[in-house]
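K.L.:
Just the structure for this:
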Amino acid sequence: MIRIRPWKQTDIQAILAIEEAIHVSPWNNEAFLTCLQAGFAGFLATDDGKQDEIVGFIILSIHTDECHILNIGVTRTHQRQGIGKMLLNHALSEVITLYHAKMAYLEVRRSNTRAINLYKQFAFEQIGERKHYYPGPHEAEDALIFAKLLISC
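P.N.:
Residues are numbered from 1 along each chain as shown. Okay, the predicted model is just below:
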């Protein structure tokens, strides 16, 4: 059974292992630690059938009445099982309930069609793009900017 819980410093190595395995240009340990120390919200998906193994994560910054989804990842062996959807749903519910956020934003690589489809399932809409935003193995890749109204004003 998959459970969602807040992140803590002792989780960073497991998060980093997922990050390095799935992302083209992964964050490093310092990036995750900086986010944690800055008080950014983070949630983990754990598999209690595997001694609470961390199988996914989501990191968000929250400012005033908006949040920015900074990073999300699920282990390759657990992808396509709804875990990303669970993490995103939980995170958005938390930022609405605890922080009264009204808007959510995110950037995603143009080539990451699976993530784009997930965000569209949550009614995120593309509002712009950033040319050559993400570093890549051969050349930089554009980022698509998405937004979602969380609650009526």
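K.L.:
Show me the strands in this structure, by range?
P.N.:
Here the chain has its strands, by DSSP state E, at 2-6, 41-47, 53-63, 66-74, 103-109, 125-134, 141-149.
K.L.:
Leu87 is nearest to which of these?
P.N.:
In terms of Cβ to Cβ, the element of those nearest to Leu87 is strand 53-63, at 4.4 Å. Every residue, glycine included, has its C-beta placed from N, CA and C.
K.L.:
still on that earlier bit, which one of the strands of the chain lies closest to Ala31?
P.N.:
Nearest of the strands of the chain (Cβ to Cβ): strand 66-74, 8.5 Å.
K.L.:
Just the CA atoms of the closest one, as CSV, please.
P.N.:
Taking Å, rounded to 0.1, in the frame of the first residue of the first chain, the C-alpha atoms of strand 66-74 are listed here in CSV:
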residue,chain,number,x,y,z
GLU,A,66,0.4,30.7,-4.7
CYS,A,67,2.6,27.6,-4.9
HIS,A,68,5.2,26.5,-7.4
ILE,A,69,5.7,22.8,-8.0
LEU,A,70,9.5,22.5,-8.2
ASN,A,71,10.2,18.9,-8.6
ILE,A,72,8.3,15.6,-8.8
GLY,A,73,9.6,12.1,-9.3
VAL,A,74,8.6,8.4,-9.1
